[in-house]
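Q: fold the following and give me the result.
(2 chains)
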Amino acid sequence: MKKYALLSSGVLSLSLLLAGCAGESTSDTSNESGEDSTQISFIHWRGEDKAVLDDIIAQFEDENPNITVEMTIYPSEQYQATGQRLLQDGSTGDVFTSFPGAQFEAIASAGLFEDLSDEEFVSNFDEELISVGQKDGTQFALPYQLVFNMPVYNKGMFEELGLEVPKSWTEFQEMADTLLENDITPIAFPGADIGPNQFMNSMMMNNAPDEDIFEKLQNGEESLTNEWWVKTLEDFQLLEQKGYIQADALGTSQDSAMAMVANEEAAMLATGSYHMSALLGLNPDLQLDLMAPITVEESEAVYEGINTATFMLAVNSKSEKKEQAKEFINFLSQPEIASQYANETGQHLTVNDVEYESEVLKNTAYWIDERKTRFQPRFLITNAQIEAAVLSSIENVLGGADPMTAAEEAQQLVDENRE
Amino acid sequence: MKISKSIYLFFLPGLFLYAVFFVYPTVSALFYSFTDWDGLSSSFQFVGIDNYERAFTGDTIFRKTIGNNLKFMLVVVVFQTLVALAFALIVLKNNKTTVFLRALYFFPTILSSVSVAFIWSFIYDPSLGILNQTLELVGLDFLAQNWLGNSNIAIYSLAVTQIWFHAGQMLIIFVAGLQAIPDELYEVAKIEGATKWQTFRKVTWPLLAPSATIVVAYTTIQSFKAFDLVFAMTGGGPNNSTEIVATYIFDIAFRSYQFGYASAISVIFMIIIAIITFLQFKALRSDRISY
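A: Numbers count the residues shown, from 1 in each chain, chains lettered A, B, ... in the order given. As a prediction, the model looks like this:
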């Protein structure tokens, strides 16, 4: 008897353990009226958009009583680490988002994107801005947000000091000198976190106007020791040596850099348009606009700024609820829904006919159509180790290294990681 | 006493957990280390020892991370052990003050890594941070530094945070070890006229060796795996100066999607930790004295 009791206990323990490890399936649920509804999973990394997306999901569920949406938000780092692995068995992320660049390439290589090319809702998006979600002519993902990854500047301060937006590197330095004379730091640079990966884009856009430059770097046709990158590093060095960026920039977090601009201790924030709402939250009296440094002479300048179409909406190819997932993307691409999302999150979107209501979005909307911007070069580096090498050369220079030495060290890493 | 064979069934849950959460991942890592698996695709190819060859001969950053890890480990092991031992000697006797101090020193241990990273990132901030501001306030502004932004000192700044975070944990181990030493030995040492230093060197330290072994081994492993603090405070920068093996494995696996190569680095990493820990056990056990 004792033997059987022990045996039963052992089996029970194992059963409980296995039961505890087992997953829970919740694909079909009931809606409020008691009808069966299909639950789709929507995963992304934009925690700051939760409130507006909750509201949009509620509207979607009202219009589509047979579909419910379970939204799961991951911190962006965690999303890169675990989000896409969840896609693999198809039970999570029926609708998911992807970053352009390395993550898009990896998910595409793994065959986890459903082909959206023939979907009607694709025409709701600006054709030119969604090309980043294509691979080999197939529309795998639809970028939703349009971000300008270039410095935000205090327009009111510029007007007060009689400064105009510089059109050349010489004018940029003159402008920065005037700000310094007025005890204002020209650029708040969050070097401890996103500064290098954001500011590199506008710093290099005219030094290397060839949009295939990083593709060439990755296949060995270009080198970081060539003029275009060494000049970019020299320009960074000049910013640091002349005090155009704050002292100890590599230790400055984005919160500290934002505080400098909000307190009007600095004139520009070297991040992007996505920080404009937060800056106005810190100081509602600020008048803001966007301005990229032109690092060449006016006649040589090709681009005026940087854009990134990101937060790319996609359907999981392993999903069993693809139609419902597509219905949700279709809903998000309706102009009135997209307008709500844009205005409540302070983001420009890639969706056609969006009506921007907030002042800051209206005032900067001219960047979408009237200015010549190029897609963020950093996202065209599809090898994350090569991207890290490029960024580390900037940190190296800001830490005091000679630009050519930093370029050579970075190029060595590029050579080691080239596929 | 005869033990029923069915008693062995009680080992099964533990064995199952061990197999699932330790043996399987370890064997998997070893297996994938010989492949080019990207972590997402269902297919992969065997690449022999290419990943290991790359780690040893073709990866500058990996070698740098080993160096960073060793620097970090040495500073943390030496100073965390000394700080924990010194504080343990201070709070050894049981009274209200020492019990309060033990709780106070232990407090950082119960915080989450992210909270600690947030607190210390603020302390180290070059312009708003309390550390530089305090130095300036007391006239020591020449000591103010860009603590996390200077690639020459950032790894040591992280080490200080790690020591603050975990010294309290080690203190408890030392206190337990010190309290287990019989008072008679101290009385004999006193009668024999031993000085305080001689008493510590000849009585306390030898009998504390088992505790010290645990502290040093645990601190070593902990410092090798200090992923969370590094990830949250510097992300490995600036210029890879704080990149350690654990954060590098994360980068390779989850940003570069090279799971095969990340697995190879993990295996090398595991072997390095095992060797260092084994050497420490040998070295510290040789100091033991029997009475």
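Q: residue closest to the middle of chain A?
A: With distances taken as C-alpha atoms, centre = their mean, residue A:310 lies nearest the centre of chain A, 5.5 Å away.
Q: what about that one, distance to residue A:129?
A: 10 Å (C-beta to C-beta, to the nearest Å). Quick note: C-beta positions are derived from backbone N, CA and C, even for glycine.
Q: picking up where we left off before, who is the residue nearest to the centre of chain A paired with across the strands?
A: residue A:145 (DSSP bridges).
Q: is it in contact with residue A:147, as I believe?
A: Yes: shown here, residue A:310 and residue A:147 form a contact pair, counting by C-beta atoms under 8 Å, at 6.0 Å.
Q: just to revisit the earlier point, next up, the contacts around the residue nearest to the centre of chain A.
A: Residues near residue A:310 by C-beta atoms under 8 Å, 6 or more residues apart in numbering or on different chains: A:99-100, A:143-145, A:147, A:379.
Q: mind redoing it with 7 Å?
A: Shown in contact with residue A:310 (C-beta atoms under 7 Å, 6 or more residues apart in numbering or on different chains): A:99-100, A:143, A:145, A:147.
Q: go on, residue A:272?
A: By C-beta under 7 Å, 6+ apart, the contact list for residue A:272 reads A:147-150, A:198.
Q: what is the nearest of those to residue A:184?
A: Closest approach between the contacts of residue A:272 and residue A:184, by C-beta to C-beta: residue A:150, at 19.2 Å.
Q: reduced to three states, what does that closest one come out as?
A: Here residue A:150 is coil, with the state taken from DSSP: H, G, I helix; E, B strand; the rest coil.
Q: name the nearest residue to it, ignoring sequence neighbours.
A: residue A:292 (3.9 Å; C-beta to C-beta, 6 or more residues apart in numbering or on different chains).
Q: which residues do residue A:310 and residue A:129 both contact?
A: residue A:143.
Q: up against chain B, what does the stretch 51-200 of chain A have?
A: The interface of the stretch 51-200 of chain A toward chain B, taken as C-beta under 7 Å from any C-beta of the partner chain, is made up of A:80-81, A:84, A:88, A:102, A:106-107, A:109-110, A:112, A:191-192.
Q: any idea which helix or strand in chain A has the lowest mean pLDDT?
A: For chain A, the helix or strand with the lowest mean confidence is helix A:2-21, at a mean of 46 (criterion: mean pLDDT, DSSP states H and E).
Q: who wins for most neighbours among the contacts of residue A:310?
A: residue A:143 (27 neighbours; other C-beta atoms under 10 Å in any protein chain shown).
Q: quick check: it touching residue A:129?
A: Yes: using C-beta atoms under 7 Å, residue A:143 makes contact with residue A:129 at a distance of 6.3 Å.
Q: low pLDDT regions in the chain?
A: Reading this off chain A. Residue ranges of chain A with pLDDT under 70: A:1-35, A:81, A:83.
Q: my question was about chain B, not that one.
A: B:1-3, B:285-291.
Q: need the residues of it near chain A, please.
A: Checking chain B against chain A by C-beta under 7 Å from any C-beta, the hits are B:4, B:6-7, B:9-10, B:12-13, B:16, B:38, B:40-41, B:58-61, B:121, B:124-128, B:146-149, B:151, B:237-240, B:251, B:254-257.
Q: buried ones only from those residues, please, as a PyMOL command.
A: Restricted to buried positions by 16 or more other C-beta atoms under 10 Å in any protein chain shown, the PyMOL selection for those reads:
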select buried, chain B and resi 6+9+13+38+40+41+59+61+121+124+125+126+127+146+147+148+149+151+237+238+239+240+251+254+255+256+257
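Q: not counting its neighbours along the chain, what's nearest the closest residue to chain B within the stretch 51-200 of chain A?
A: Across the stretch 51-200 of chain A, the shortest distance to chain B (C-beta to the nearest C-beta) belongs to residue A:110, at 3.5 Å. Once flanking residues are discounted, residue A:110 sits nearest to residue B:40: 3.5 Å by C-beta to C-beta, 6+ apart.
Q: quick one: contacts for residue A:119?
A: Here residue A:119 is in contact with residue A:326 (criterion: C-beta under 7 Å, 6+ apart).
Q: may I have the phi/psi pair for it?
A: For residue A:119, the backbone dihedrals (degrees, to the nearest 10) come out as phi -80, psi 140.
Q: please enumerate the strands of chain A.
A: A:28-30, A:36-44, A:67-73, A:95-98, A:134-135, A:138-139, A:142-147, A:152-154, A:185-188, A:266-269, A:288-290, A:305-315, A:348-349, A:373-375 (DSSP state E).
Q: winner for burial among these?
A: Per residue and on average, the most neighbours among the strands of chain A fall to strand A:266-269, with a mean of 28 (mean count of other C-beta atoms under 10 Å in any protein chain shown).
Q: that one near chain B at all?
A: No: using C-beta under 7 Å from any C-beta, we find that strand A:266-269 stays clear of chain B, coming within 10.9 Å at best.
Q: listing partners with orientation, what would you give for that strand?
A: Assessed with DSSP bridges, strand A:266-269 is paired to strand A:152-154 (antiparallel), strand A:185-188 (parallel).
Q: run the chain-centre distance for the longest one.
A: Put plainly, it is strand A:185-188. Relative to its parent chain, strand A:185-188 has a centroid offset of 23 Å by C-alpha atoms, centre = their mean, to the nearest Å.
Q: what sits up against that strand?
A: When contacts are defined by C-beta under 7 Å, 6+ apart, strand A:185-188 is touched by residues A:151, A:176, A:179-180, A:239, A:244-246, A:257, A:260-261, A:265-270.
Q: what's the PyMOL line that selects buried ones from the residues you listed?
A: Per 16+ other C-beta under 10 Å, the buried members of the contacts of strand A:185-188 correspond to this PyMOL selection:
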select buried, chain A and resi 151+176+179+239+244+245+246+257+260+261+266+267+268+269+270
